[in-house]
Structure formats: C-alpha cells, structure tokens
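Asker: I need the structure of the sequence given here:
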Amino acid sequence: MDPIRRHLLKAAGLFVATRAFANDQQGATMPPSFVKPRHVLCFLGRDDSLLQPPKAVAKTIADFGFEIDRTYSLAKPDPNMARSFGVCWDRVFPKAWSAADEAAVANHKAVLYVLSPLMDQQKTAAGSAAALQIVDEMFDAGAIAAKGESAGVAHGVVRWRSLAEQARNGAKTDQGLRMTPAVARACRLAFAKRPLAGDRYFESVGYHLVGLPDVYVAKSRGNDRSAVTLMDEIADAMAERGVDATLRDRKLTLSREQDYAERDFKFNPYGIVRIEA
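Answerer: Residues are numbered from 1 along each chain as shown. Sure thing, here's the model as predicted:
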C-alpha cells in the first residue's frame, strides 16, 4: 500500500493533533457548536461508467469512510452543471481551469456524488486530505471534472492534481509522515472558496473543512485581492500556531454570527473571524 495512503487511513481514525489543533480551536469565549462538517464531492464523467468506479477507487472511498450517494448521482447529464461550475471556478489561482475543463463540464454524460463521514474537528485535516486523494484517484479512473460542494469550489483537472501532490508532499515533511500545516494549506486551497463579496465583507467559506474559523475582511480595507492575501495569512497563522494565539496576537475575536444555517454544508461551527477597517 502507498505509504501516504496508509498514513491517511491511520490519521483518519487515530489522528494526533498538531499544534494547530492542540490550542483550543474554539476560543475561550465562544460556546461550542455540535455541528460536524462533511465533504460532498461532485464528479462528472464521459459516460455512466463513472457511477461504478474501479475496485481500487471504490476501496479507497470505503477505506476512508466515504460513500457514494446513489440518490442524487445521475447516469445522464445534469443541465445545471455548466452554470454551477461557472459560479464555482476558483478565480484566485492563475489559470485554475482551462477551456478544456469548461468543455468537459459542458459535454459530461454522468454525475457522481461522494460523501465523507461527519468529521470531528481534530480529524478535519486528515479527512480533507483523504477527500483530495479520492479526487486524484477519480481522475485516474476517468472522471473529467470535480467540484467541492461543501464550499462551492471547482478547479480544473491540472490544478486539482497539483493540490493533491502538494498535500502528499506536505505529509512527508519533517521526520516520518504526519499531518502538517502544509497539508492543511493544500486542503484549504482545494476545498475553500474565497473571496465571496457580501454587503460589508469579503468572505471565505470552507475553512471549517480543515478545522478553522472562516475569515471575513471588511471591504473598506481594500480590494478583493488584498482581502485574499489577508485571509490566507491569517489562516496560515491559525494552522501553524493555533487559533487562540493568532487571534490574541492580532487582537481579534471569534463570532458565531453568519448567514449560513446549521443545516447548511457551508455553516462553520468554529466561527467567523472578522477583520474590520
């Protein structure tokens, strides 16, 4: 068995917290939420063979505790996919998708949904690394496009596979194999969406998929690009040093207030960090 895959299997069940998760992620003043995040992965295929992944990929899905959603998967095109992917393409990373990726979405003939188990906070990085591994293996199995439904983000095939490689390389840093801030960062870039423009803030969505609060930056501070830079800077600091230490150093606080209901996949049970003007 591939050593990275073996490590992810172990981490998904026996994940030992890194510094990011050892430092009371909830914050001292915010009551806990009992909501647990989960991944909803959407794959498109050239034909309905997508709905029966090869045994090796099916085993990966099952081994990580994920499952195929037979209720909403389709052995036919979904006419809403072109619009949905159009909204979800990552517009931060340069050339995150190509004309070939758009054509693949437009010409798909089948849709497969894969669901993760509900994830405890200390296992989110491992769970997201497993999700990224499944995305990578699904492309090997013939998928032509993929989207993370939990935050509404899509990348082209090349970008997805690059992020999966970053996660694997991140897991090999230091001595031996372990979850690291580098893995969490690759997973965050893969599965979180930013910046969404609200009335007052540029917002991230999906940081809960790596066990972190989302970051909202006041629009009055600058443009969307500067907001993304600040979002990533704070998220990297939280992953490396812990939420409490990062917020204390920057004199920031956590809030539960957000527009997503608890039943929404985008709801962040770990709160929101708002950066004011």
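
Asker: I'd like the domain boundaries of this protein, if you could list them.
Answerer: Structural domains assigned to the chain are 3-187, 193-275, following automatic domain parsing.

Asker: got JSON lines for these, with mean pLDDT too?
Answerer: Formatted as JSON lines, those follow (pLDDT from 0 to 100):
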{"stretch": "domain 3-187", "mean pLDDT": "87"}
{"stretch": "domain 193-275", "mean pLDDT": "96"}
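
Asker: Would you format those domains as CSV with mean neighbour count included?
Answerer: Just so you know, the C-beta spots here come from the backbone N, C-alpha and C atoms, and that holds for glycine as well. Output for the domains of the chain, formatted as CSV (neighbours: other Cβ atoms under 10 Å):
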stretch, mean neighbour count
domain 3-187, 18
domain 193-275, 19
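
Asker: Straight-line length of stretch 241-254, end to end?
Answerer: One end of stretch 241-254 to the other measures 16 Å (Cα to Cα, to the nearest Å).

Asker: Do you have the helices of the stretch 1-150 of the chain handy? List them.
Answerer: 3-14, 19-22, 55-63, 81-88, 99-106, 124-140 (DSSP state H, counting those that start in this stretch).

Asker: okay if I get those helices as JSON lines plus distance to residue 150?
Answerer: Shown next, in JSON lines, are these (distance: least, Cβ to Cβ, whole Å):
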{"stretch": "helix 3-14", "distance to residue 150": "17"}
{"stretch": "helix 19-22", "distance to residue 150": "19"}
{"stretch": "helix 55-63", "distance to residue 150": "16"}
{"stretch": "helix 81-88", "distance to residue 150": "11"}
{"stretch": "helix 99-106", "distance to residue 150": "19"}
{"stretch": "helix 124-140", "distance to residue 150": "9"}
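
Asker: what sits against residue 54?
Answerer: Residues near residue 54 by Cβ atoms under 8 Å, 6 or more residues apart in numbering: residue 141.

Asker: Relative to residue 189, how far out is it?
Answerer: 27 Å (Cβ to Cβ, to the nearest Å).

Asker: same check, this time on residue 100
Answerer: For residue 100, the distance to residue 189 (Cβ to Cβ) stands at 21 Å.

Asker: got it, and residue 225?
Answerer: With Cβ to Cβ as the criterion, residue 225 and residue 189 are 16 Å apart.

Asker: With residue 221 instead?
Answerer: When residue 221 is compared with residue 189 (using Cβ to Cβ), they lie 22 Å apart.

Asker: which residue ranges form the strands in the stretch 101-250 of the chain?
Answerer: Under the criterion DSSP state E, counting those that start in this stretch, strands of the stretch 101-250 of the chain are mapped to 110-115, 145-148, 153-155, 193-197, 201-205, 214-218.

Asker: Would you convert those strands into a markdown table that also reports distance to residue 232?
Answerer: Listed next are these as a markdown table, based on distance: least, Cβ to Cβ, whole Å:
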| stretch | distance to residue 232 |
| --- | --- |
| strand 110-115 | 27 |
| strand 145-148 | 17 |
| strand 153-155 | 14 |
| strand 193-197 | 8 |
| strand 201-205 | 9 |
| strand 214-218 | 9 |
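
Asker: And those strands: which comes nearest residue 42?
Answerer: strand 145-148 (4.4 Å; Cβ to Cβ).

Asker: Given the closest one, what are its sheet partners and their directions?
Answerer: Paired neighbours of strand 145-148 in the sheet (DSSP bridges): strand 40-45 (antiparallel), strand 153-155 (antiparallel).

Asker: Nearest to residue 244, out of the ones you listed?
Answerer: strand 153-155 (27.4 Å).

Asker: Give me the contacts around that closest one.
Answerer: By Cβ under 8 Å, 6+ apart, strand 153-155 touches 85, 88-90, 93, 96-97, 145-148, 163, 190-193, 206.

Asker: Tell me which of the strands of the stretch 101-250 of the chain sits nearest to residue 242.
Answerer: Among these, strand 214-218 comes nearest to residue 242, with 15.1 Å by Cβ to Cβ.

Asker: distance of residue 124 from residue 223?
Answerer: Counting by Cβ to Cβ - residue 124 and residue 223 are separated by 30 Å.
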